[in-house]
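1. Turn this into a structure:
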Amino acid sequence: MPRLPSRRPTAATPRVARARLRTVATVAALVTLAGVLPAVPADAAGSHATFRIGRLKYGGGGDWYGNQTSLKNLHAGLRERAGIPVEPGDAPVVTPTDEALFNHPMLFMSGHGNVKFTPAEVERLRRWLNAGGFLWCDDDYGMADSFRREMKRVLPESELVELPWSHPVFHQLYAFPRGLPKIHEHDGGPPKAFGAFHDGRLAVLFTFDTDIGDGLEDAGVHSDPPEKREEALRMAINVALFALSQ
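-> Predicted coordinates:
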């Protein structure tokens with residue numbers, strides 16, 4: 001594997017500057033889309049909105065609670081590298097029927113086991129996605145079949161299709177010209193990214209056979225080498241920036 005450059009983008013980097021300008025406008029727009037998602041509060045200085053990522057709690061017996069340190073580290077990366085105004089600390093846990101669901105323009109879910117939504121949860125997730133929400137599911141290994149089944153219930157008119165390497169999600173703050181990085185080995189195949197579209201907008205991202213979430217964890221959790229953790233963080237920052245760019 002080629003060695004990643006050690007230099008990190010700074011506030012003076014053009015890509016970072018563009019991301020900051022874009023974020024001020026798009027965070028507020030995303031969370032007020034269609035009059036469904038409430039306005040995001042300004043920060044203490046009243047200068048910009050705050051981006052919220054939520055951790056989706058789902059039924060069916062799968063370990064929705066995995067990757068316990070991943071979102072904390074993603075939040076830090078978004079603040080430090082891209083200047084994104086993210087609420088500090090870990091991501092709040094939300095279910096599809098929580099009132100807080102519509103406070104989160106982006107949700108993350110992961111796990112190894114079964115995913116199952118109730119009819120009420122299916123309807124609520126559909127409403128959230130149709131209003132502009134963005135769901136990222138990172139398969140820790142073993143949830144692909146059930147996730148695909150449940151997404152067919154949530155978005156019956158949309159199929160999860162493989163994204164080409166040219167898709168913008170791979171070319172945000174960081175360039176991944178060959179698609180997803182490979183963090184952990186599962187089935188021996190290449191990592192793949194699938195998307196479900198609604199009205200031409202990528203509403204659901206499903207990352208498979210890569211384990212970005214594991215790579216985002218604290219250094220001692222999986223003993224991943226620094227270059228793997230760096231790749232995972234860069235890709236996760238791209239996903240969040242892409243969610244904001246739509």
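
2. For the rest of this, base every contact and every neighbour count on C-alpha atoms.
-> OK.

3. And stretch 153-161, what's buried?
-> Residues 153, 154, 155, 158, 160 are the ones in stretch 153-161 that count as buried (16 or more other CA atoms under 10 Å).

4. The second one reaches residue 122, doesn't it?
-> Right, the one you point to is residue 154. Yes: applying CA atoms under 8 Å, one finds residue 154 in contact with residue 122, separated by 5.2 Å.

5. still on that earlier bit, show only the entries of the buried residues of stretch 153-161 found in helices.
-> Members of the buried residues of stretch 153-161 lying in helices (criterion: DSSP state H): 153, 154.

6. residue nearest the centroid of the chain?
-> With distances taken as CA atoms, centre = their mean, residue 136 lies nearest the centre of the chain, 4.2 Å away.

7. so it, which of the three states?
-> What DSSP: H, G, I helix; E, B strand; the rest coil gives for residue 136 is strand.

8. what's the answer for residue 180, then?
-> Following three-state DSSP, residue 180 is assigned to coil.

9. dump the residue contacts of it.
-> By CA atoms under 8 Å, 6 or more residues apart in numbering, residue 180 lies in contact with 170, 191, 192, 193, 210, 235.

10. farthest-separated two in the residues you listed?
-> Farthest apart among the contacts of residue 180 by CA to CA are 170 and 210. That separation is 14.1 Å.

11. and whichever helix or strand residue 145 is part of, which residues are buried?
-> Assigned by DSSP states H and E, residue 145 belongs to helix 144-154. Neighbour-count burial for helix 144-154, counted by 16+ other CA under 10 Å, picks out 144, 146, 147, 150, 151, 152, 153, 154.

12. Can you read off the backbone torsions of residue 126?
-> Phi and psi for residue 126, reported as degrees, to the nearest 10, are phi -60, psi -40.

13. How about residue 59?
-> phi -90, psi -180.

14. Nearest residue to it in space, please, no chain neighbours.
-> residue 116 (5.0 Å; CA to CA, 6 or more residues apart in numbering).

15. pretty sure the one you found is in contact with residue 151, am I right?
-> No: shown here, residue 116 and residue 151 do not form a contact pair, counting by CA under 8 Å, at 9.9 Å.

16. what's the burial count for residue 58?
-> 21 (other CA atoms under 10 Å).

17. mind listing what it touches?
-> By CA under 8 Å, 6+ apart, the contact list for residue 58 reads 64, 95, 96, 115, 116, 117.
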